[in-house]
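Student: Prediction below, plus the sequence it came from.
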Amino acid sequence: MTEHAKSEVLLIETQYFPPISFYKTLAQHDTLQIEKYEHYQKLSFRNRCYLAGPNGRMILSVPLTRGKNQRTVIKDVRISNEEKWQALHWKTLVSAYRRSPWFEYYEEDLQGLFEQPFNFLLDWNMACFEWVNSKLGINPTITFTENYQKEVPGVTDARDRILPNAAAGEDALQYTQVFQERIGFLPDLSILDLLFCEGKQAINLINDEK
């Protein structure tokens, strides 16, 4: 990692408990800039994350008031709280990770996050992001865009570069997952998967420290 790369700004969309590749990219930068004025895009990590379940990859999706086909500025995208989606997401997490080495260590604190009400997707994603950062022991400088620009010079523009259906590269971070013996290794899942499986070692794996 060069000193120049470390000083760059990473520009990226808001994501719900982002995948591990998000954090590996973030580790190469000092400042994170969240895109606040783009329009919502479906089939992305903006309102979904992926976990390892007993039968393969599972999805958690935050319901939105105007659905997945809306063209709303991301800062104004509202969560649909008509259904108890947070309770459902939490139940899914408990079911999938209660046997993982570190889930119990984070359980009480994370459950408290899922009990807090949120109306806007950006606010919920940021709360989740800050929760993870505190557990990883990182404190990146975070800023938000003030308007939308298609091209932004002087930054690493990773908007819509990390996508759910993109094939994980050969350099995908390897570690032992809960259901690996049954379903094989699932690369580039949500950071929660790494955290529950590796705990305090997670940040060292992200930074490629042996």
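Tutor: Right, received. Where do you want to start? Values in this document were obtained by computation on a predicted structure and should not be read as measured data. Residues are numbered from 1 along each chain as shown.
Student: Just give me how far stretch 27-42 sits from the chain centre.
Tutor: Offset of stretch 27-42 from its chain centre (C-alpha atoms, centre = their mean, to the nearest Å): 12 Å.
Student: mind listing what's buried in that stretch?
Tutor: Of the residues in stretch 27-42, 27, 29, 32-36, 38, 40-41 count as buried by neighbour count, 16 or more other C-beta atoms under 10 Å. C-beta here means a position set from N, CA and C on the backbone, and glycine is covered the same way.
Student: least trustworthy helix or strand in this protein by mean pLDDT?
Tutor: Counting by mean pLDDT, DSSP states H and E, the chain has its least confident helix or strand at helix 3-6, which shows a mean of 45.
Student: and which of the buried residues of stretch 27-42 is nearest to residue 184?
Tutor: Among those, residue 27 lies closest to residue 184 (C-beta to C-beta), at 26.2 Å.
Student: Contact partners for that closest one?
Tutor: By C-beta atoms under 8 Å, 6 or more residues apart in numbering, the contact set of residue 27 is 206-207.
Student: next SSE after the longest helix anywhere in the chain?
Tutor: The helix that spans the most residues within the chain, counting by DSSP state H, is helix 121-136. Next along the chain after helix 121-136, taking DSSP states H and E as the criterion, comes strand 141-144.
Student: and that next one, which strands flank it?
Tutor: strand 31-35 (parallel) (DSSP bridges).
Student: which residues make contact with the strand it pairs with from outside it?
Tutor: So strand 31-35 is contacted by 8-14, 26, 74, 122, 126, 140-145, 148, 155, 159 (C-beta under 8 Å, 6+ apart).
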